[in-house]
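[1] coords please:
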Amino acid sequence: MSTLSPEALDPGSATAIAEACAREFRRTLADRLTAAYALGSLAHGGFAPAVSDIDLALVLTDRRHDDQRIIDQVTRELQARDSAHARLSVFWSSLPALRTNQDDGRFPAVDRLDLKKSGMLLLGEDVRQDVGEADAAALVTDSVRFALQVLASEPVLADFHDPARLAGDLRRFTKAVLLPLRFLYTADTADPGSTDDAIHHHLAGPSPVAGELVRAATRARHGQPDAAERLTELLHADLVPLYVHYIDRSLLRLTHADADLSQGLALWRTRLLDRNGTHPAHRPAQDDLSDQAR
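    Below you'll find the predicted structure:
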């Protein structure tokens with residue numbers, strides 16, 4: 001079995017796609033679109049031709065009841081054009097919400113911070129100086145909320161149960177392995193960073209959890225994937241321990257005010273371990289946890 005290699009996309013072509021998509025949203029939203037930005041690796045560097053998303057941020061003048069429907073519809077139409085456009089990921093919110101460090105659309109705290117620090121203006125008026133800066137607590141709680149909504153969903157848990165499906169799709173494989181590292185890096189540093197920053201941060205620690213799996217995801221990210229059989233083997237052995245590591249680290253950072261998130265993480269942890277047939281539950285070493293209890 002071979003690993004499915006996605007079409008490589010150089011940063012210049014990805015930026016051109018982001019610009020064209022921004023113009024499409026301007027045609028739809030007209031003068032309500034204050035600005036459009038490239039985010040993520042397109043903006044601050046580290047774009048991986050084999051797997052990176054095309055992150056596009058839209059800043060609106062205000063929030064209206066049908067914005068979600070309209071933006072979702074245009075996004076789907078753009079993503080359906082070809083495999084390159086399928087990488088499009090759209091973040092959006094109104095400027096009044098961004099000024100007060102809020103999200104009234106789809107714009108998590110880490111992406112708002114990325115906008116403020118590194119956003120690359122594609123069209124419209126540059127408003128980054130007006131964007132509020134998310135604090136460390138918001139970065140943690142927003143990433144946990146995203147993880148519970150997306151990564152703890154039943155379809156993703158099904159992939160964890162059948163890792164051969166992940167091993168056959170490099171973009172999904174690299175996301176599954178590297179997203180928790182991005183969350184942990186931001187929680188540790190209060191900085192969005194890059195995927196490469198997060199990988200280095202994780203592997204630089206003593207006895208990094210799922211180190212071989214992370215190294216395999218790094219090779220895949222840079223267009224040199226291992227055979228799918230090997231990726232399946234690594235996923236089966238290390239993917240659930242990696243996520244349990246992320247969950248346990250995150251639980252240490254939450255407060256009593258975040259009880260709903262803590263309960264969600266605990267339930268997710270149980271479902272991961274039950275589905276993986278792991279008993280008793282994996283526990284990180286105490287020394288590994290003590291550095292995070294702050």
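
[2] give me the buried stretch members for stretch 24-34, please.
    25, 26, 29, 32, 33, 34 (16 or more other C-beta atoms under 10 Å). Every C-beta, even on glycine, is put in place using the N, C-alpha and C of the backbone.

[3] secondary structure element for the third one, which one?
    If you go by DSSP states H and E, residue 29 is part of helix 11-29.

[4] show me the shaky parts of the stretch 151-294 of the chain.
    275-294 (pLDDT under 70).

[5] show me where it has its helices.
    In the stretch 151-294 of the chain, the segments counted as helices under DSSP state H, counting those that start in this stretch are 154-161, 163-167, 170-189, 195-203, 211-221, 228-253, 259-276, 286-290.

[6] most tightly surrounded among those helices?
    helix 170-189 (a mean of 22; mean count of other C-beta atoms under 10 Å).

[7] quick check: angle from that one to helix 211-221?
    Orientation check (axes from the mean of the first three to the mean of the last three C-alpha atoms, to 10 degrees): helix 170-189 against helix 211-221 gives 120 degrees.

[8] and helix 170-189, how far out from the chain middle?
    6 Å (C-alpha atoms, centre = their mean, to the nearest Å).

[9] sorry, back to before: for residue 63, find the nearest of the helices of the stretch 151-294 of the chain.
    Checking the helices of the stretch 151-294 of the chain against residue 63 by C-beta to C-beta gives helix 259-276 as the closest, at 24.3 Å.

[10] picking that back up, what's in contact with the following helix or strand past the helix holding residue 29?
    For helix 11-29, the succeeding helix or strand toward the C-terminus, using DSSP H and E, is strand 33-38. With contact meaning C-beta atoms under 8 Å, 6 or more residues apart in numbering, strand 33-38 is reached by 15, 18, 22, 25-26, 43, 54-61, 95, 115, 119-128.

[11] cool, and stretch 253-271?
    137, 140-141, 144-145, 147-148, 152, 157, 187, 244, 247-248, 250-251, 281, 292.

[12] again with stretch 194-212
    41, 44-46, 48, 177-178, 181-182, 184-186, 188-189, 193, 214-215, 217-218, 221, 234, 238-239, 241-242, 245, 284-285, 287-288.

[13] which of the helices of the stretch 151-294 of the chain sits closest to residue 90?
    helix 170-189 (16.4 Å).

[14] could you quantify the relative orientation of the closest one and helix 195-203 as an angle?
    70 degrees.

[15] by contact count, what packs against helix 170-189?
    When contacts are defined as 3 or more C-beta pairs under 8 Å, 6 or more residues apart in numbering; DSSP states H and E, helix 170-189 packs onto helix 136-146, helix 154-161, helix 163-167, helix 195-203, helix 211-221, helix 228-253.

[16] which of the contacts of strand 33-38 fall within strands?
    Using DSSP state E, the subset of the contacts of strand 33-38 located in strands is 54, 55, 56, 57, 58, 59, 60, 120, 121, 122, 123, 124.

[17] quick one: residues contacting the residue nearest the centre of the chain.
    Nearest to the mean C-alpha position of the chain, by C-alpha atoms, centre = their mean, lies residue 179 at 5.2 Å. Applying C-beta under 8 Å, 6+ apart to residue 179 gives the contacts 147, 151.

[18] and the gap between it and residue 107?
    17 Å (C-beta to C-beta, to the nearest Å).
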